[in-house]
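Trainee: Build me a model:
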Amino acid sequence: MAQNSKKEGNLIQAEAGKLKRELTLLPLFGLIYFTVCGGSFGIEPLIGWSGPGLAMVLIIITPFIFSLPNMLMVRELNSMMPAEGGYYHWVKKAFGPFAGFMAGWNNWIVSFLDVSIYPVLAVYYMGYFFPVFREGMTIGQTEISGDIISWLVAAVIIWAISALQIRGARLSGMTTNWLGLLMITPLILMTILGIYQWIRGGVTIALPFLPQGESLIGAFSTGLFVVMWNYMGWELPTAAGDEIVNPKKTYPRAMTLVLIAAIATYALPVAAGLYGGGADNGRYQLWGIEEYESGEGIGVVMEEYGIPLENVESWGVDPTTDVGWEFPDIGHAIGAKIAGEGLGRILGSLLTVAAVLSMLGLFIGNSLGGTRVPFALAEDGMMPKWMVRVHNKYGTPWVAILFCAVIFSIFSWQAFAFLVVADVFLQLLVILAEFAAMWKLRFSLPNIQRQKVPGGYLGLTLVTLGPTAIILLAIFSQYVEEGFSSIGFALIAMLIGALLYFPIRMFIKPGIPDVDPFRETPEEA
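Mentor: Residues are numbered from 1 along each chain as shown. Next up, the predicted model:
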């Protein structure tokens, strides 16, 4: 029995050793960029809910009080343990196997809920060009709803990208680079045209700091939640640690480049949109607004903020529509102001294509980390051993990728969309555990070499306080706005993970040795 267990452990280690280490700086930059940022799309609600002035302040300061501390934490822990599984090993070494398993489990559940929505959003934007995706179609006597068609197209996207990921992590990363280049081009064009219109107009319109009828505290808490979500995820690609070339140097460099790119990606198009024609006569209040209840329309939201429906209609917007302005609408307004509806439609269409590419990139970036979690857990004896299968030619965990593709396909069905609110709580808990692990390992493993957060324990304290305060405020705000259901679903998911832990330890783990996350990388050997 002992010999069989030892043999199984050796087979798992041999299989894991086939992972190809091929993520250099450029492909890793693309993957982290599309995990953390992924383009300007998604930042629009910050302006509508928090106001132009406060939005610009949050876009600029959040990277320094939230993202930079996260990056320093990731750099320190990843420099100690740059292994496949990343944060799973960090939390495990600090607080034991149960805490590590729950960190991996939580973020794996996050990938089900969050990653699965990106192909759905890609199809949503495609619906501008292919109405059949929204309206459905009739074949003979059979009516096929738009929901079914959208889900089938989303499933095709999921499986096509999963096939891409099996072909190699480097190929996936380079694909995100090309997607990013194509995606950012319309945003750059919109930014240039917006600044041109701003200069041509000769007047800088006066924009308020807060939206009409909103308090500073309310606008700040809502805005902080939106901007935080658009600047987080720095630790997720570390789950592919054994596939990164020289991870202790490459990962921090890639994060630094992504931070610069993310700030520019958000700040420049927003500023150009606000001053180039997308905020005239109070239209900034349309940015990113969504109806409260299905079928209710955004007119209800506008009236709650003291904006008459006549104003909304004068902006050329139907108050019964379900969403306000997104970047395709903003680009349309800028183009129309410069050269009429022709340019407006062209720019709006280009930005819609960019939004599709953004969603595809976000799926590639986020799913890469999500598919490595079950592999890393299985390598450590905490998932079925059949999950540790590496493609002989491409050096990727192909079984874990296919298994996750099945789950992504299931959760991309719109019936599961209401569960997305649970992923925020789950991921924030893992980030808090990572900061706690950084502190714990400073004391429990003081002699392990690492790239420490500068400034000694004072620096460590300052780096920890900002994100912790923001995260606790975000959790509280989520509870206030969404009610117990947002936390309740997350707690149920955590309970399932906790219950699975014990039979896994009893029946799967025996005989499989713990992974050594401190092992030398090829560059150090």
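Trainee: Please count neighbours and contacts with C-alpha atoms only from this point.
Mentor: Will do.
Trainee: Could you pull up the contacting residues of Ser294?
Mentor: Counting by CA atoms under 8 Å, 6 or more residues apart in numbering, Ser294 touches Asp322.
Trainee: In a helix, it, correct?
Mentor: No - judged by DSSP: H, G, I helix; E, B strand; the rest coil, Ser294 forms no part of a helix; its state is coil.
Trainee: Look at it and report its pLDDT.
Mentor: pLDDT recorded at Ser294 is 76.
Trainee: same question, Leu257
Mentor: 98.
Trainee: If you count contacts, what does the strand or helix carrying Val312 end up packed against?
Mentor: Element membership for Val312, per DSSP states H and E: helix 309-314. When contacts are defined as 3 or more CA pairs under 8 Å, 6 or more residues apart in numbering; DSSP states H and E, helix 309-314 packs onto helix 299-304.
Trainee: May I see the buried residues of the helix it packs on?
Mentor: Under the neighbour-count criterion of 16 or more other CA atoms under 10 Å, helix 299-304 has 299-302 buried.
Trainee: Redo the residues you listed as JSON lines? Include distance to Phe363 and pLDDT.
Mentor: Below are those laid out as JSON lines (distance: CA to CA, whole Å; pLDDT from 0 to 100):
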{"residue": "Gly299", "distance to Phe363": "32", "pLDDT": "89"}
{"residue": "Val300", "distance to Phe363": "33", "pLDDT": "90"}
{"residue": "Val301", "distance to Phe363": "31", "pLDDT": "87"}
{"residue": "Met302", "distance to Phe363": "32", "pLDDT": "87"}
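Trainee: Go through those and name the one nearest Ala103.
Mentor: Nearest to Ala103 out of these is Val301 (CA to CA; 37.4 Å).
Trainee: Go ahead and confirm the closest one touches Tyr292.
Mentor: Yes - using CA atoms under 8 Å, Val301 is in contact with Tyr292, at 7.2 Å.
Trainee: quick revisit: for the buried residues of helix 299-304, which one is nearest Val132?
Mentor: For those, the residue nearest Val132 by CA to CA is Gly299; the value is 26.8 Å.
Trainee: which residues touch the closest one?
Mentor: By CA under 8 Å, 6+ apart, Gly299 lies in contact with 291, 309, 312, 319-320.
Trainee: any weak-confidence spans in this structure?
Mentor: Filtered on pLDDT under 70, the chain yields the residue ranges 1-6, 203, 414-421, 478, 481-483, 485-486, 523-525.
Trainee: rerun at 50
Mentor: By pLDDT under 50, the weakly predicted segments of the chain are 1.
Trainee: which of the residues in the lengthiest helix in it are buried?
Mentor: Ranked by residue count under DSSP state H, the longest helix found in the chain is helix 341-379. Residues of helix 341-379 classed as buried: 343-379 (neighbour count, 16+ other CA under 10 Å).
Trainee: starting at the chain centroid, how far to the next helix or strand after that helix?
Mentor: Once the chain leaves helix 341-379, the next helix or strand it forms, by DSSP H and E, is helix 398-411. Helix 398-411 sits 18 Å away from the centroid of its parent chain (CA atoms, centre = their mean, to the nearest Å).
Trainee: can you give me the offset of the helix or strand that helix 398-411 is followed by from its chain's centre?
Mentor: Past helix 398-411, further along toward the C-terminus, the next helix or strand under DSSP H and E is helix 421-444. With CA atoms, centre = their mean as the basis, helix 421-444 stands 17 Å off its chain's centre.
Trainee: what's helix 421-444 packed up against?
Mentor: helix 68-80, helix 87-95, helix 97-110, helix 456-482, helix 484-507.
Trainee: Alpha carbons only: can I get the helix or strand just after the helix holding Val312 in PDB?
Mentor: Moving toward the C-terminus from helix 309-314, the next helix or strand (DSSP H and E) is helix 327-339. The C-alpha trace of helix 327-339 is given here as PDB (Å, rounded to 0.1, in the frame of the first residue of the first chain):
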ATOM      1  CA  PHE A 327     -18.000  53.900 -24.400                       C
ATOM      2  CA  PRO A 328     -19.600  53.000 -27.800                       C
ATOM      3  CA  ASP A 329     -22.300  55.600 -27.000                       C
ATOM      4  CA  ILE A 330     -19.700  58.100 -25.700                       C
ATOM      5  CA  GLY A 331     -17.600  57.700 -28.800                       C
ATOM      6  CA  HIS A 332     -20.700  58.200 -31.000                       C
ATOM      7  CA  ALA A 333     -21.400  61.500 -29.200                       C
ATOM      8  CA  ILE A 334     -17.800  62.700 -29.700                       C
ATOM      9  CA  GLY A 335     -17.800  61.700 -33.400                       C
ATOM     10  CA  ALA A 336     -21.200  63.300 -34.000                       C
ATOM     11  CA  LYS A 337     -20.100  66.500 -32.400                       C
ATOM     12  CA  ILE A 338     -17.000  66.800 -34.600                       C
ATOM     13  CA  ALA A 339     -18.400  65.700 -38.000                       C
END
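Trainee: circling back: now the longest helix of the chain and helix 398-411, what's the angle there?
Mentor: Angle, helix 341-379 to helix 398-411, by axes from the mean of the first three to the mean of the last three CA atoms, to 10 degrees: 130 degrees.
Trainee: Could you number the chain from 220 rather than 1 from now on?
Mentor: Right, with 220 as the first residue, what we last looked at is helix 560-598.
Trainee: Kindly calculate the angle that helix 560-598 makes with helix 316-329.
Mentor: Using the same axes, to 10 degrees: helix 560-598 against helix 316-329 is 150 degrees.
Trainee: now for helix 560-598, which elements pack on it?
Mentor: helix 221-235, helix 244-255, helix 316-329, helix 336-345, helix 388-420, helix 546-558, helix 617-630.
Trainee: Pop out the phi and psi values for Thr357.
Mentor: Per-residue torsions, Thr357: phi -120, psi 130 (degrees, to the nearest 10).
Trainee: Equivalent analysis for Met356, please.
Mentor: phi -150, psi 170.
Trainee: what sits against it?
Mentor: So Met356 contacts 362-365 (CA under 8 Å, 6+ apart).
Trainee: partner residues bridging it?
Mentor: Ile363 (DSSP bridges).
Trainee: how close does it get to Phe582?
Mentor: According to CA to CA, to the nearest Å, Met356 stands 27 Å off from Phe582.
Trainee: Would you mind measuring from Gly543 to His610?
Mentor: Taking CA to CA, one finds Gly543 at 46 Å from His610.
Trainee: more crowded one of these two?
Mentor: Counted by other CA atoms under 10 Å, Gly543 and His610 do not tie: Gly543 has more neighbours, with 25 against 17.
Trainee: sorry, back to before: pipe the helices and strands packed on helix 560-598 into JSON lines and attach mean neighbour count and distance to Ile650 per row.
Mentor: Listed next are these as JSON lines, based on neighbours: other CA atoms under 10 Å; distance: least, CA to CA, whole Å:
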{"stretch": "helix 221-235", "mean neighbour count": "15", "distance to Ile650": "26"}
{"stretch": "helix 244-255", "mean neighbour count": "26", "distance to Ile650": "14"}
{"stretch": "helix 316-329", "mean neighbour count": "22", "distance to Ile650": "9"}
{"stretch": "helix 336-345", "mean neighbour count": "23", "distance to Ile650": "22"}
{"stretch": "helix 388-420", "mean neighbour count": "20", "distance to Ile650": "24"}
{"stretch": "helix 546-558", "mean neighbour count": "24", "distance to Ile650": "30"}
{"stretch": "helix 617-630", "mean neighbour count": "20", "distance to Ile650": "22"}
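Trainee: how about those, which one is nearest Phe708?
Mentor: helix 316-329 (11.0 Å).
Trainee: ok, the buried residues of helix 518-523 vs Gly716, which is closest?
Mentor: Distances from Gly716 to those, taken as CA to CA, are shortest for Val520 (38.4 Å).
Trainee: How about the contacts made by that closest one?
Mentor: 508-511.
Trainee: do that again at 10 Å, thanks
Mentor: Residues in contact with Val520, defined by CA atoms under 10 Å, 6 or more residues apart in numbering, are 505, 508-511, 526, 538.
Trainee: Mind giving me the ChimeraX select for these, buried ones only?
Mentor: Per 16+ other CA under 10 Å, the buried members of those correspond to this ChimeraX selection:
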select :505,508,509,510,526,538
